[in-house]
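Undergrad: I'll drop the sequence and a predicted model, then ask my questions.
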Amino acid sequence: MMNEAAPQSDQVAPAYPMHRVCPVDPPPQLAGLRSQKAASRVTLWDGSQVWLVTSHAGARAVLGDRRFTAVTSAPGFPMLTRTSQLVRANPESASFIRMDDPQHSRLRSMLTRDFLARRAEALRPAVRELLDEILGGLVKGERPVDLVAGLTIPVPSRVITLLFGAGDDRREFIEDRSAVLIDRGYTPEQVAKARDELDGYLRELVEERIENPGTDLISRLVIDQVRPGHLRVEEMVPMCRLLLVAGHGTTTSQASLSLLSLLTDPELAGRLTEDPALLPKAVEELLRFHSIVQNGLARAAVEDVQLDDVLIRAGEGVVLSLSAGNRDETVFPDPDRVDVDRDARRHLAFGHGMHQCLGQWLARVELEEILAAVLRWMPGARLAVPFEELDFRHEVSSYGLGALPVTW
Ligand code: HEM
């Protein structure tokens, strides 16, 4: 569907998303747009035009401003992919990432305590144990090994199933259906089918915990929220689906690209091996550098908003390019270089404002432990194929790698 808003300049609005030239850098046009205005018109796949914000300050301003909505059915909301329309057509199955306050904060606050930094820290020993088990197995096998299939896919999915207290036997099903939900290569029908199957499984899991609660996250929600009548099962299913999907492909992609940085930069690998205390800083810098939510975040203005030199009218869509904001040289000097000595904590990789990533502390623990474990178990690890042969995944909402063949 075309947005109503007419372009506000005579200039041609370029197609978005743009193409990368270097696989580890955002498309170069983004930096050019950043130097022009606070926001530029771009054309999406469906012919609609939206505003694209490419600066760090602009992204923070929009994401922190309640005059922009995250509700996909709002007039002008950018349909970044064909499957975004599916969410719009089924508002009842939307999760709180697609809601505004007060509905959003009502649901998010039920989960806040499970995702605090100290809760993520408490999971660290279990994550380390899991990594030792996985890598211990991988190093006994044949070389090269694919660290995507062997490591960065199973770790986030096993951590989530651990949190949910879900059986390991359903892991493949969960991985498979979650991948369909984030991959742009599938049709809306395939996505709807995967979503319904995942929802069916989650509904069963929730109902089983209502009958027979344990100590996992789902049981806690059942005891604290469902039983006293604060949360309906119909609301809990999309909430659990959000945790599964948001925590899965993102962490896989970010871990794969972070490992790639380590494998192709022996100096970086050497420093982290000698001084593991640098790992948290390195993880933060690699989050900034890779910014895997590659096409950015979508919002729509519900009131007219003046964003520096640009007037965004009510009913116009806005896309915030996190990868462009994270390469903004006014905030991160020499932004196209990985520099573990810089303070990268202001990066936008987890978004900003009320929807800022709920699972960010858990993601940090997983990423730190994955990098540390590869350095520990595979000293001297290097790519087993030329860089040019790597399978970069352009068609997914979390940019990443299809495979990472490694030897050591
Ligand atoms: C939201 C990125 C891992 C759960 C977000 C947002 C971003 C993001 C950019 C903001 C979306 C928006 O404003 O529209 C990432 C990245 C990750 C990661 C880069 C890994 C490197 C995780 C994990 C979990 C998780 C491990 C949980 C298990 C969520 C949830 C939201 C969210 C529930 C919605 C928050 C809300 O709407 O209030 N994430 N995420 N994420 N993330 Fe993550």
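TA: Cool, got the structure.

Undergrad: Could you list the buried residues of stretch 114-127?
TA: Across stretch 114-127, burial judged by 16 or more other CB atoms under 10 Å covers 114, 115, 120, 123, 127. Every C-beta, even on glycine, is put in place using the N, C-alpha and C of the backbone.

Undergrad: residues contacting the second one?
TA: Same thing as residue 115. By CB atoms under 8 Å, 6 or more residues apart in numbering, residue 115 lies in contact with 358, 359, 360, 361, 362.

Undergrad: same check, this time on the last one
TA: Counting by CB under 8 Å, 6+ apart, residue 127 makes contact with 155, 159, 365, 366, 369.

Undergrad: Right, and the ligand sits closest to which residue of the stretch 201-350 of the chain?
TA: In the stretch 201-350 of the chain, the residue found nearest to the ligand is residue 247; the distance is 2.6 Å by CB to the nearest ligand atom.

Undergrad: how close does that residue get to residue 238?
TA: 14 Å (CB to CB, to the nearest Å).

Undergrad: before we move on, what about residue 107?
TA: 9 Å.

Undergrad: Overlap of the contact sets of the two?
TA: residue 96.

Undergrad: Quick one: name the residues of this protein near the ligand.
TA: With CB under 6 Å from any ligand atom as the criterion, the chain meets the ligand at residues 70, 96-97, 108, 160, 242-243, 246-247, 250-251, 254, 292-293, 297, 349-351, 355, 357-359, 362-363.

Undergrad: What segments of the chain are strands?
TA: 40-43, 49-53, 68-69, 145-146, 297-301, 305-307, 310-312, 317-320, 382-383, 392-393, 400-401, 405-407 (DSSP state E).

Undergrad: Show me where this protein dips below the pLDDT cut-off.
TA: Applying pLDDT under 70 to the chain picks out residues 1-11, 85-89, 91-92, 182-184.

Undergrad: Skip the chain neighbours and tell me the closest residue to residue 333.
TA: residue 342 (7.9 Å; CB to CB, 6 or more residues apart in numbering).

Undergrad: mind listing what that neighbour touches?
TA: By CB under 8 Å, 6+ apart, the neighbours of residue 342 are 285, 332, 333.

Undergrad: What is the burial count for the first one?
TA: By the criterion of other CB atoms under 10 Å, residue 285 has 25 neighbours.

Undergrad: And it, how far from residue 343?
TA: Counting by CB to CB - residue 285 and residue 343 are separated by 9 Å.

Undergrad: which other residues reach stretch 199-213?
TA: 93, 164-166, 170, 173-174, 177, 216, 218-219, 222-223, 226-227, 233, 236-238, 240-241, 244.

Undergrad: Tell me the buried residues in it?
TA: Result for stretch 199-213 [16+ other CB under 10 Å]: buried residues 199, 201, 202, 205, 206, 209, 210, 213.

Undergrad: Redo these as JSON lines? Include distance to residue 324.
TA: Formatted as JSON lines, the buried residues of stretch 199-213 follow (distance: CB to CB, whole Å):
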{"residue": "199", "distance to residue 324": "34"}
{"residue": "201", "distance to residue 324": "37"}
{"residue": "202", "distance to residue 324": "35"}
{"residue": "205", "distance to residue 324": "39"}
{"residue": "206", "distance to residue 324": "39"}
{"residue": "209", "distance to residue 324": "42"}
{"residue": "210", "distance to residue 324": "45"}
{"residue": "213", "distance to residue 324": "45"}
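
Undergrad: among these, which are in helices?
TA: Assigned to helices by DSSP state H, the following of those qualify: 199, 201, 202, 205, 206, 209, 210.

Undergrad: For the residue most central in space within the chain, which non-adjacent residue is spatially closest?
TA: The residue lying closest to the centre of the chain (CA atoms, centre = their mean) is residue 250, at 3.9 Å. Of all residues not flanking residue 250 in the chain, residue 398 sits nearest, at 4.9 Å (CB to CB, 6+ apart).

Undergrad: quick one: the one you found and residue 295 touch, right?
TA: No - counting by CB atoms under 8 Å, residue 398 stays clear of residue 295, with 9.7 Å between them.

Undergrad: And residue 355, how far from residue 57?
TA: Residue 355 is 18 Å from residue 57, by CB to CB.

Undergrad: ok, those two, which is more surrounded?
TA: For the pair residue 355 and residue 57, the greater number of neighbours falls to residue 355 (19 against 15), based on other CB under 10 Å.

Undergrad: Sounds good, over and out.
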